[in-house]
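Engineer: Model the structure of this input:
(chains A and B)
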Amino acid sequence: MSRYKSPAMRKYVIRLAVLMTTYLITLLAAVTAFRSHMISGPAAYALAVLPALPVIGVFWAVMRLLIEEPDEFIRMLLVRQALVATGFCLTIVTIWEFLQNFDLVPAGNGGFGAAFFWFMGLGVGALYNRLTLGSTGGCA
Amino acid sequence: MNNRLKVLRAMRGWSQQDLAARLEVSRQSVNAIETGKYDPSLPLAFRIAELFELSIEDIFVSPARHSSKAI
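Structural biologist: Below you'll find the model as predicted:
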């Protein structure tokens, strides 16, 4: 059975690889700079935000895939996957915030922010598609 | 939505992949339509009908008629 790969899907995979590589490089640079106290002032803010940009880029890549994918069924699977991911992420973050509000869990998120749970949600969405429609869509 | 796509495809000796290539969609799309898990858009329904040189009603069963027959 051949796995469906449209030009839009191939473009998405390339974009994802470039963005993830950029993320790792910027994260490594930021962690190194902050741990060695090499940076302060406005530059510190800029460097702290730098690793977030490729993560935002992944959101953009997923949205572009939704626009560029020519197959309407695959597009529907991707939309369902993104909606499940959004619901999953908002649920986890909301519960976590309320637990923090009542001091039942420590402050901060240990580096696991909303984006992490949204990407995890894409996996949940793919599983949901597989169980209900027999196909994943291929964005996870 | 119930349809005769699987029968029409089999009559021509096409695999799901063959039909998908002719319609320029994924094999998953053909499978989902055949099994009634996904209803195609009107443009895709027209493309399917034109490929088999039939009308849309000859391929897809109207849900309203299908349910009234069941009653």
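Engineer: Give me the neighbour count for residue A:83.
Structural biologist: 13 (other CB atoms under 10 Å in any protein chain shown). Yep, even glycine has a C-beta here, placed from its N, CA and C like the rest.
Engineer: Which residues are in contact with it?
Structural biologist: Residue A:83 sits next to residue A:125 when contact means CB atoms under 8 Å, 6 or more residues apart in numbering or on different chains.
Engineer: Let me know the pLDDT of it.
Structural biologist: Residue A:83 carries a pLDDT value of 97.
Engineer: got it, and residue A:27?
Structural biologist: Note on residue A:27: pLDDT of 95.
Engineer: Sticking with it, tell me its helix or strand.
Structural biologist: Element membership of residue A:27, judged by DSSP states H and E, is helix A:7-35.
Engineer: wait, does the longest helix seen in chain B make contact with chain A?
Structural biologist: If you go by DSSP state H, chain B has its longest helix at helix B:42-52. Yes. Helix B:42-52 is in contact with chain A by CB under 8 Å from any CB of the partner chain, via residue B:44.
Engineer: which strands and helices sit next to that helix?
Structural biologist: Helices and strands touching helix B:42-52, by 3 or more CB pairs under 8 Å, 6 or more residues apart in numbering or on different chains; DSSP states H and E, are helix B:16-23, helix B:56-59.
Engineer: which of these sits most buried?
Structural biologist: Of the helices and strands packed on helix B:42-52, the one with the most neighbours on average (mean count of other CB atoms under 10 Å in any protein chain shown) is helix B:16-23, at a mean of 17.
Engineer: before we move on, back to that, okay, angle between the longest helix of chain B and helix B:16-23 too, please.
Structural biologist: 110 degrees (axes from the mean of the first three to the mean of the last three CA atoms, to 10 degrees).
Engineer: The residue nearest the centre of chain A: helix or strand, and which one exactly?
Structural biologist: Centroid check for chain A by CA atoms, centre = their mean gives residue A:119 as the closest residue, at 4.0 Å. Assigned by DSSP H and E, residue A:119 belongs to helix A:114-133.
Engineer: Buried ones in the longest helix of chain B, by neighbour count?
Structural biologist: Residues B:44, B:45, B:48, B:49, B:51, B:52 are the ones in helix B:42-52 that count as buried (16 or more other CB atoms under 10 Å in any protein chain shown).
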